[in-house]
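Trainee: Build the 3D model from these lines:
(one chain, ligands or ions: 1)
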Amino acid sequence: MASNGISKQTATTNAVCPNCGTLLTSLLKSGRCGCPECYRVFGDYLSPILLKRGGRHCGRVPLAVKREEYQNKVRVLEQKIAAAYAAGNTLLVERYSQQLRSLKEDV
Ligand SMILES: [Zn+2]
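Mentor: Residues are numbered from 1 along each chain as shown. Just a heads-up that it's a prediction; the model follows:
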């Protein structure tokens with residue numbers, strides 16, 4: 001992985017984390033994740049940063065914080081699922097359910 005690959009990716013990407021709203025471009029600039037979801041969303045782009053910075057900004061979250069964020073995320077997803085279900089949007093229900101499942105598998 002070339003060290004200059006990051007700026008190229010910045011120019012071609014508009015990704016944004018749906019959870020915390022962090023833009024990929026700003027994340028690449030600051031090297032900081034807004035939330036754990038950023039790992040998932042920006043995983044492909046993060047690896048050069050993590051390699052470069054040794055994961056200092058993104059990689060080492062204290063376990064207690066991680067657990068709290070995890071519980072928050074589960075709660076948010078469950079609310080989203082309930083809202084999507086109430087709206088009759090089965091596609092969204094499915095999507096959030098999948099996110100919830102992969103979230104739980106992660107821990
Ligand atoms: Zn995020």
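
Trainee: Which secondary structure elements does the helix of greatest length in the chain sit against?
Mentor: For the chain, the helix that runs over the most residues, judged by DSSP state H, is helix 63-86. Under the contact definition 3 or more C-beta pairs under 8 Å, 6 or more residues apart in numbering; DSSP states H and E, helix 63-86 sits against helix 90-106. (C-beta placed from N, C-alpha, C; glycine too.)

Trainee: Could you pull out the buried residues of the helix it packs on?
Mentor: Going by neighbour count (16 or more other C-beta atoms under 10 Å), the buried part of helix 90-106 is 93, 96-97, 99-100, 103.

Trainee: what's in contact with that helix?
Mentor: Residues outside helix 90-106 that contact it (C-beta atoms under 8 Å, 6 or more residues apart in numbering) are 70, 73-74, 77-78, 80-81, 84-85.
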